[in-house]
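1. Have a look at this prediction, sequence included:
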Amino acid sequence: MNYMEVKFKSESVNESFARVCIASFCLQLHPSVDEINDIKTAVSEAVTNAVVHAYPKNCGEITMRAEIEGNMLTVSISDNGVGIKDIQKAIQPFYTTCKSDERSGMGFTIMESFMDSMDVEKNGESGTKVTMTKAFSSNNVEQVLSHTHQIC
């Protein structure tokens with residue numbers, strides 16, 4: 001298993017940093033263009049949710065952790081912000097708490113559609129943790145695994 005973890009300030013400019021960071025980490029699995037775009041989109045949505053909703057009145061910290069085991073990528077985006085009152089309601093398409101904003105309420109739906117699985121849970125006393133997984137094409141992973149075993 002390989003992993004990485006980064007923490008960054010909950011500012012919208014860091015959404016692009018998170019996209020580049022996860023894309024770079026995934027390169028070791030030789031992803032297809034579609035696979036890397038899917039992951040970047042899902043991470044972008046999760047980070048944007050944390051920036052917009054977790055810290056509405058101040059700035060906080062967002063943590064992105066990624067693990068690769070075999071052909072499986074697991075990514076979690078967590079914050080220690082205000083949390084989600086009703087997670088089951090929040091993950092429904094078109095649900096938004098920002099009625100006056102230009103928010104569509106499709107963030108979780110987008111994450112779920114681009115990844116193989118998605119789970120949303122409380123992160124400690126407050127805050128939220130979104131965990132997503134994606135399996136990579138087996139033909140790409142075989143090349144990586146044979147190379148990894150040679151090095152280790």
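-> Great, that's in hand.
2. and stretch 27-42, which residues are buried?
-> 29-31, 35-36, 38-42 (16 or more other Cβ atoms under 10 Å). Where C-beta positions appear, they are placed from N, C-alpha and C, glycine not excepted.
3. Show only the entries of the residues you listed found in helices.
-> The members of the buried residues of stretch 27-42 that map onto helices under DSSP state H are 35-36, 38-42.
4. Can you tell me which of these is closest to Val20?
-> Closest approach between those and Val20, by Cβ to Cβ: Lys40, at 8.3 Å.
5. My read is that that closest one contacts Ser24, right?
-> No: with contacts counted by Cβ atoms under 8 Å, Lys40 stays clear of Ser24, the gap being 10.6 Å.
6. who's in contact with the closest residue to Met115 other than its chain neighbours?
-> Among residues not flanking Met115 along the chain, Met132 sits closest, at 4.2 Å (Cβ to Cβ, 6 or more residues apart in numbering). The contact partners of Met132, taken as Cβ atoms under 8 Å, 6 or more residues apart in numbering, are 42-43, 46, 74-76, 111, 115, 117-119.
7. Skipping its backbone neighbours, what lies nearest the residue most central in space within the chain in space?
-> Nearest to the mean C-alpha position of the chain, counting by Cα atoms, centre = their mean, stands Val43 at 3.4 Å. Excluding the flanking residues, the one nearest Val43 by Cβ to Cβ, 6+ apart is Ile22, at 4.8 Å.
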